[in-house]
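Asker: I'll drop the sequence and a predicted model, then ask my questions.
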Amino acid sequence: MTTGTISRNNPQNVTDYPNNNTYFLVWNFKDSLTAAQIKPVFQRVCALVINLNNSALDRFPNSKASCVMGIGYNAWLQLGLPTPLPAELKNFETITGAKHTAIATKGDLHFHIRSDVQSFAYDMASVITDFMKTIADCVVEVQGFRYWDSRSILGFVDGTENPHGTDRDYFAVIDEQDPVYKGGSYLFVQKYLHNLDAWKSLPVAEQEKVIGRSKELDIEMSDEIKPKNAHIALANIGDDFKVVRDNMPFGSVTTNEMGTYFICYASTFTTVEKMLRNMFVGDPAGNYDRILDFSTATTGSLFFVPSMDMLDEFAG
């Protein structure tokens with residue numbers, strides 16, 4: 001299958017701000033099924049995602065509800081989707097530092113569901129599951145929630161460096177750099193688990209040095225006092241290289257499995273790779289992001305988010 005010249009400039013909802021209720025679902029196609037068996041259901045799921053977004057606008061226009069679907073490299077090939085592929089779509093490769101590792105995990109389809117109406121978010125996740133379970137296994141299900149004023153479970157505001165206004169489209173949505181896939185985005189996700197016992201044992205002043213910001217008021221430290229291995233010193237790689245983050249906290253208080261689902265949309269994946277190398281390998285090498293001493297990445301997957309117009313094509 002080759003691409004034509006159809007307009008694909010209508011992005012999925014990749015630039016909205018974090019919501020109060022979120023589901024993140026990663027699915028892998030069943031090894032026992034052929035592409036011919038998988039593709040008809042995949043087409044129906046593409047149509048379903050369009051349906052769910054349209055229904056959300058009609059039924060709950062003020063709920064900021066949406067569902068964004070991303071497709072992994074292996075799935076793209078297996079399903080016979082357009083060639084050449086999006087320029088930077090590939091399998092994410094493990095990034096290994098001297099102490100910490102950004103692992104790579106398989107992901108065929110990713111669904112990012114959000115809504116201020118919790119029941120509607122649940123219904124969207126449920127109906128997607130009804131279709132997907134016939135062709136795939138869910139390997140990640142995370143229910144995120146808004147924690148106070150958009151803080152991570154570590155207690156610091158998350159996403160302060162996010163672009164705003166038209167910059168969100170510029171950094172998150174592909175334009176002329178890959179005209180065939182204009183309106184699409186790269187989606188990268190990691191599920192982090194935090195060692196809260198170790199984190200809480202740090203005095204607040206030490207926590208602030210790990211992050212590079214004040215905990216209460218979210219004020220960035222000056223470069224003169226900010227440690228070189230502070231999170232924002234390494235994860236932010238310059239005003240010309242940004243992504244749109246949509247991180248959400250999750251967890252179970254009884255098992256103490258608390259974490260952050262890191263999710264970002266980008267017009268170029270090389271920006272994300274540079275950020276990850278800074279964090280895990282260090283800049284210079286060995287000067288890794290100290291937040292990793294308290295946060296372990298348990299997944300790592302790259303997806304491509306086609307425009308709504310292309311998703312409609314996939315639906316047949």
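Answerer: The structure has been received and is ready for your questions. Numbering: from 1, shown residues only.

Asker: which helices and strands sit right next to the host helix or strand of Asp130?
Answerer: With secondary structure defined by DSSP states H and E, Asp130 is part of helix 118-132. Packed against helix 118-132 by the contact rule (3 or more CB pairs under 8 Å, 6 or more residues apart in numbering; DSSP states H and E) you find strand 21-29, helix 35-59, strand 109-114. The way it works is simple: take the backbone N, C-alpha and C, and place the C-beta from them, glycine included.

Asker: and the direction of the helix or strand hosting Met258 versus that of strand 109-114, what angle?
Answerer: Under the criterion of DSSP H and E, Met258 resides in strand 257-266. Angle of strand 257-266 versus strand 109-114, following axes from the mean of the first three to the mean of the last three CA atoms, to 10 degrees, is 100 degrees.

Asker: Identify the bridge partners of the residue most central in space within the chain.
Answerer: Closest residue to the average C-alpha location of the chain: Ile263 at 2.2 Å, with CA atoms, centre = their mean. Listed beta-bridge partners, Ile263: Val189 (assigned using DSSP bridges).

Asker: Help me confirm that it comes into contact with Leu187.
Answerer: Yes: counting by CB atoms under 8 Å, Leu187 is a contact partner of Ile263 at 7.1 Å.

Asker: Check the contact lists of these two and give me the overlap.
Answerer: His112 (CB atoms under 8 Å, 6 or more residues apart in numbering).

Asker: Next secondary structure element downstream of the strand holding Met258?
Answerer: helix 269-280.

Asker: Contacts only, for Asp197.
Answerer: Counting by CB under 8 Å, 6+ apart, Asp197 touches Asn256.

Asker: Can you check my assumption that it lies in a helix?
Answerer: Yes: applying DSSP: H, G, I helix; E, B strand; the rest coil, one finds Asp197 inside a helix.

Asker: still on that earlier bit, okay, buried residues for the helix holding Asp130 please.
Answerer: Going by neighbour count (16 or more other CB atoms under 10 Å), the buried part of helix 118-132 is Phe120, Ala121, Asp123, Met124, Ala125, Ile128, Thr129, Met132.

Asker: As a markdown table, the residues you listed with distance to Pro306 and pLDDT would be great.
Answerer: Below are the buried residues of helix 118-132 laid out as a markdown table (distance: CB to CB, whole Å; pLDDT from 0 to 100):
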| residue | distance to Pro306 | pLDDT |
| --- | --- | --- |
| Phe120 | 23 | 94 |
| Ala121 | 22 | 95 |
| Asp123 | 24 | 96 |
| Met124 | 19 | 97 |
| Ala125 | 20 | 98 |
| Ile128 | 17 | 98 |
| Thr129 | 21 | 98 |
| Met132 | 17 | 98 |
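
Asker: Quick check: of these, which lies closest to Ala47?
Answerer: Ile128 (11.9 Å; CB to CB).

Asker: Phi and psi next, for Ser252.
Answerer: Note on Ser252: backbone dihedrals following degrees, to the nearest 10 are phi -130, psi 120.

Asker: what's the closest residue to Asp289 other than its chain neighbours in contact with, if anything?
Answerer: Leaving aside its sequence neighbours, Asp289 sits nearest to Met279 (CB to CB, 6 or more residues apart in numbering; 3.9 Å). Met279 makes contact with Ala102, His231, Leu234, Ala235, Tyr288, Asp289, Ile291, Leu292, according to CB under 8 Å, 6+ apart.

Asker: and the last one, how many residues sit next to it?
Answerer: Taking other CB atoms under 10 Å as the neighbour definition, Leu292 ends up with a count of 21.

Asker: Can you give me the pLDDT of it?
Answerer: Leu292 is assigned 98 on the pLDDT scale.

Asker: surely it meets Ala98?
Answerer: No: Leu292 lies out of contact with Ala98 (CB under 8 Å); the separation is 11.1 Å.
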